[in-house]
Structures are given as C-alpha cells and as structure tokens.
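Participant: sequence and computational prediction follow.
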Amino acid sequence: MLVLVINSGSSSLKYQVRDVEAGSVLAEGLVEKIGTGSGGGGRDGEIEGPRDHAEALEQIDEAIHAALGGRALDAVGHRVVHGGERFAEPVLVNNEIIRAIERLNPLAPLHNPAAVLGLRAIAKKWPELPQVAVFDTAFHRTLPEYAWRYAIPDELYANHGIRRYGFHGTSHEYVAHRAAALLDIPLAEFDAVIAHLGNGASVTAIRGGESVDTSMGFTPLEGLVMGTRSGDLDPSILVFLGRAGWSPEDLDSMLNRRSGLKGLAGNNDMRSVVEAAEAGDAKAGMALAVASYRLAKYIGGYHVAVGGAKALVFTAGIGENSHQFRTLVAERLGALGVQLDAGLNRERSKEPRVVSGPSSAIPVLVVPTDEERAIAEATAAVVNHPSIAP
C-alpha cells in the first residue's frame, strides 16, 4: 500500500510517500512559504510561495509523480496534533470528522487549523482517496484521571475542556514498541520512561506499554525546557506580567517563541548551545544545566509513576544525536543507578541501541523515532479494516 503522509503547518506542507509493505520511502519533501507570496512570478523583493495548501498540493503531486512510477496512491495519512477527548485512535476522515477537528482549533491554534486546511485540500483534489487522521494526543488517552486533572474549579474542565492532554503520542507509542522489542520484553510488561527531545520536548511514563503520565499538558507548552518554549513555570508570573501591562499576545510570544534555550542562551539550537558551553559560554552552560536538571526531575518522578522503570529511552533529534546532553542528564540520575558507557554513548547510529554500561541499574536506550512510518502504518491499518468507522 502506498501512503502519502502529510504534516500540515500554517505555511508549510511536509510530505512523505511510503510503501507500507516494503517499509520504504519513495519520496519526501517540504513545501514552504504557503500563503506568504504571490504564488509564482512577481516583482523584485517579493516572497514567493504557493497561494494556499491546494496549490502546495499541486507541487507535491508533481514532485512525487516520477517516484511513483505509474503506481497510484492508496491513502493519505495526516498528523493531527490535537484530538481532544473525542479521538482516542486514528480515524477514517469524512466531512463530519474534519468539522470535529476544526472545532478543536482553540485547543491547538498553531496546529489544528493547518491540519484542517490539508485535509480539505486533499479532499478537493482526490475526493475518492481515503484519508486517515492520526492524533498526537491519542496515545495519552490512557492517562488516569488523577494524572490528567488540574487542581482548578471543575467547571473549567466541564465547560472549556481544560485538562492535561499530552502530545508527541505518535512518537512515544512507536518508540515504546521498538524499545520493548530491543529488550525482548512483551509490550504489556514494558515499564519505561521515554524522553522525546527536539525543539519541542516531552517525557512520558510508560507502564504496561501504555502512557500513564506525560510532561506536556493542555498545550505543548507545559513540561520540559524546549528550544523556544519555557516549559513549567509559576503561573503567578503571568498574572504579575499581565498587571504590568503585558497583553495575552505578549505573554504567548514570550512563552512559546522567546523562552527555553533561546531565552537562556540566546540560541534554540542544541548543537550551538553545546558548542558555546564547551567554549566556556556561561549562559550556554547554565541553559544546559537548567534543561538537564528539569528532565532528570521528570525522569525520577516517572520512575516512581511506573513502579520502577525497566528502561530509560532517548529519542528525537536531541535525544538521538546529542551524546553531551544525554551525559548531562545521566549524571543527575545516580540515585537511580543510571550509568552510561562513554564509548557506546558517543557512537552514532540510525539503529536502536543500548548506551548504558553493564553496571547500570536500568538500561539506557537510544531509539530513533519515525513518526511518518507510524502514521503510514496506522493509516494502512484503518483503510484495510472497513469495519473501523469514524
């Protein structure tokens, strides 16, 4: 089955064509600057890009034509960030499902509106092609209520849906399966802590193969120190700044775009921050200390939440590639008996691997994530089982 995987941004479309049975990638790419220019040709100095997602899709169609070699797409799988409380698994898309996703826009204003645009663009261009929505929040629907509740008046949950949802679920679920297989542990017996570390970062407690707690909450802002996001902070700070004249837009920009590593070190790229710290930059060194300490605290708490983790797993861009940051985190986990093997930790590989030493109380793994593969496989599973109704 050939599946086109779409990850829609407000001004971009990331795509990948996968042969699910063969496990291969036939084409991939990124269309950017959607809606930011004239859509072709223009005067000097104009930023050019597709007029809308429909026009971007035409570019994708042209780009993948040669790679398909005369074969036809069988389905399209979409990454959708927020599924709210309604969507606990991937669903076959129809107009009602698109409207339901659109009604969740207030919960993910930077992400869901773009997904809706992508869904409608596909429906217009290929109306007979099955579409499947795969939700980042779905894997975390197994959180017990005491983990997803905020200690705020109940009417805020009842009337506005304010609760902890969690994100990066597609990645956490995929990595949990791969890590359990690497350790030869049945998924139903797999208890672990998984750290998905990229420009956006989250950590999840896995018990019996299911998510029982996760660091992101109502939005992807809660939790760890990220590239440009603050993660956890005292909410009274926002009240204080609001009284000092900061608008909601000012606060949103500060928390989501000017905080995290960027706020502490002036740069949101982990590689640059590590290089600066190694060169003696005090701000960069402190940024790494804050980020690694925050993550270590979560790992310790989630070790308790799962009743004793059988593994600690690092994934995503930073988790997979920054041996320096993994070392900083592991050095704070001595109470858990975590010990990395310096040589194994420095090795670079695209394969899942153990990077802890033989004396480590729990194995430490690096497992590359592949969200596109997970979305493609989920899409194929839904399309191949017509009894699965939206």
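Facilitator: All right, it came through fine. Numbers count the residues shown, from 1 in each chain.
Participant: in a strand, I122, correct?
Facilitator: No - counting by DSSP: H, G, I helix; E, B strand; the rest coil, I122 falls outside a strand, being helix.
Participant: which parts of stretch 269-289 are buried?
Facilitator: Residues of stretch 269-289 classed as buried by neighbour count (16 or more other CB atoms under 10 Å): 269-270, 273-274, 276-277, 281, 284-285, 287-288. C-beta here means a position set from N, CA and C on the backbone, and glycine is covered the same way.
Participant: same question, stretch 231-250
Facilitator: Buried-residue list, stretch 231-250, by 16+ other CB under 10 Å: G231.
Participant: re the thing from before, export the buried residues of stretch 269-289 as JSON lines, with columns for secondary structure, distance to R332 and pLDDT.
Facilitator: Compiled in JSON lines, these are given as follows (DSSP: H, G, I helix; E, B strand; the rest coil; distance: CB to CB, whole Å; pLDDT from 0 to 100):
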{"residue": "D269", "secondary structure": "coil", "distance to R332": "23", "pLDDT": "92"}
{"residue": "M270", "secondary structure": "helix", "distance to R332": "17", "pLDDT": "95"}
{"residue": "V273", "secondary structure": "helix", "distance to R332": "17", "pLDDT": "96"}
{"residue": "V274", "secondary structure": "helix", "distance to R332": "16", "pLDDT": "97"}
{"residue": "A276", "secondary structure": "helix", "distance to R332": "21", "pLDDT": "97"}
{"residue": "A277", "secondary structure": "helix", "distance to R332": "16", "pLDDT": "97"}
{"residue": "D281", "secondary structure": "coil", "distance to R332": "21", "pLDDT": "97"}
{"residue": "A284", "secondary structure": "helix", "distance to R332": "18", "pLDDT": "97"}
{"residue": "G285", "secondary structure": "helix", "distance to R332": "15", "pLDDT": "97"}
{"residue": "A287", "secondary structure": "helix", "distance to R332": "15", "pLDDT": "98"}
{"residue": "L288", "secondary structure": "helix", "distance to R332": "11", "pLDDT": "98"}
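Participant: most widely separated two among these?
Facilitator: D269 and G285 (15.6 Å; CB to CB).
Participant: which SSE is V134 in?
Facilitator: Using DSSP states H and E, V134 sits within strand 131-135.
Participant: can you list the strands that that strand pairs with?
Facilitator: Using DSSP bridges, strand 131-135 pairs in its sheet with strand 75-80 (parallel), strand 91-92 (antiparallel).
Participant: right, so those: which one is the most enclosed?
Facilitator: Neighbour counts (mean count of other CB atoms under 10 Å) averaged over each of the strands paired with strand 131-135 peak at strand 75-80, with a mean of 26.
Participant: just to revisit the earlier point, next, format the strands paired with strand 131-135 as TSV and append distance to D191 and mean pLDDT.
Facilitator: Below are the strands paired with strand 131-135 laid out as TSV (distance: least, CB to CB, whole Å; pLDDT from 0 to 100):
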stretch	distance to D191	mean pLDDT
strand 75-80	27	94
strand 91-92	29	94
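Participant: closest to G166 out of those strands?
Facilitator: The closest of these to G166 is strand 75-80. By CB to CB, the value is 14.1 Å.
Participant: excluding residues flanking it in the chain, which one is nearest A201?
Facilitator: Nearest residue to A201, sequence neighbours excluded (CB to CB, 6 or more residues apart in numbering): L224, at 4.4 Å.
Participant: coming back round to it: average pLDDT for the strand holding V134, rounded please.
Facilitator: For strand 131-135, the per-residue pLDDT values average out at 95.
Participant: and the next element down the chain from it?
Facilitator: Where DSSP H and E defines the elements, the next helix or strand beyond strand 131-135 is helix 145-148.
Participant: show me what whichever helix or strand comes after that following helix is packed against.
Facilitator: Using DSSP H and E, the helix or strand that follows helix 145-148 towards the C-terminus is helix 154-160. Using 3 or more CB pairs under 8 Å, 6 or more residues apart in numbering; DSSP states H and E, no helix or strand is in contact with helix 154-160.
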